[in-house]
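Asker: Sharing a model prediction with you, sequence too.
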Amino acid sequence: MSTPTADRFTRAIGAAIGLALVAALILAARPAGGHGGVLPASLRFTTALDGVVAAQPAPPKPLLASGPMRPGSHARGAFSLRNESGETLAVRLRARPSSTALDGIAQVRLVSRGVVLFEGTLQALRQGTAEALRLRPGGAASVRVTAWIPAEVETGYEGHDVAVSLEPVEETLP
């Protein structure tokens with residue numbers, strides 16, 4: 001035997017449990033927060049040929065192809081430079097991106113022989129590396145490249161594909 005009050009109480013409890021289950025299902029089914037719903041960016045680095053300094057891999061083969069990049073993503077690559085002249089050279093590198101879309105967003109680090117040649121934005125790399133590689137005639141050096149979008153970036157990178165040519169700038173040394 002049930003009383004009308006007990007029936008109402010049982011229905012109210014059942015409705016509350018049902019609503020809680022629906023809310024839990026909705027929260028569990030929604031997409032993850034963060035940057036998962038937007039188009040990623042991509043970076044592709046190659047070297048430029050100038051006849052004085054040779055690079056491996058030679059263009060158009062990329063030395064770094066990032067794949068999809070979102071905030072917090074890193075991509076790494078490496079290349080080597082060889083002095084083809086008969087003189088000792090100081091070689092700096094500068095970026096020639098296909099677009100300004102990621103200039104102030106993408107970060108780049110260039111390291112050779114344990115020395116950081118450059119660390120900063122892609123935009124700053126347009127001016128060239130602060131440090132130069134010293135290459136004797138016929139001498140070579142390897143350069144490691146790391147590119148990333150900082151984790152704290154919230155917007156501005158979405159869907160941009162930027163090709164970057166690293167161009168050697170030489171100075172003859174005594």
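Answerer: Okay, I see it.
Asker: Just give the nearest non-adjacent residue to Asp161, would you?
Answerer: Excluding the flanking residues, the one nearest Asp161 by CB to CB, 6 or more residues apart in numbering is Ser42, at 4.8 Å. To be clear about C-beta, it is placed using only N, CA and C from the backbone, and glycine gets the same treatment.
Asker: correction: Gly138
Answerer: Setting aside the residues directly before and after it, Gly138 is nearest to Asn83 in space (CB to CB, 6+ apart), at 6.2 Å.
Asker: Walk me through which strands the helix or strand harbouring the residue nearest to Asp161 pairs with, and which way each runs.
Answerer: Assigned by DSSP states H and E, Ser42 belongs to strand 42-47. With DSSP bridges as the test, strand 42-47 is paired with strand 64-65 (antiparallel), strand 161-172 (parallel).
Asker: and after that strand, which helix or strand comes next?
Answerer: Downstream of strand 42-47, the first helix or strand assigned by DSSP H and E is strand 53-56.
Asker: Can you give me the buried ones in that next one?
Answerer: Buried residues in strand 53-56, defined by neighbour count with 16 or more other CB atoms under 10 Å: 53-55.
Asker: rewinding a little: tell me who's in contact with the residue nearest to Gly138.
Answerer: Contact analysis of Asn83 by CB atoms under 8 Å, 6 or more residues apart in numbering lists 52-53, 89, 91, 135-140.
Asker: repeat that for 6 Å
Answerer: Listed by CB atoms under 6 Å, 6 or more residues apart in numbering, the contact partners of Asn83 are 89, 135, 137, 139.
Asker: hey, where'd the helices end up in this protein?
Answerer: Taking DSSP state H, the helices of the chain run over residues 4-29, 122-125.
Asker: For Arg96, find the nearest of those helices.
Answerer: Proximity to Arg96, assessed across the helices of the chain by CB to CB, is greatest for helix 122-125 (9.5 Å).
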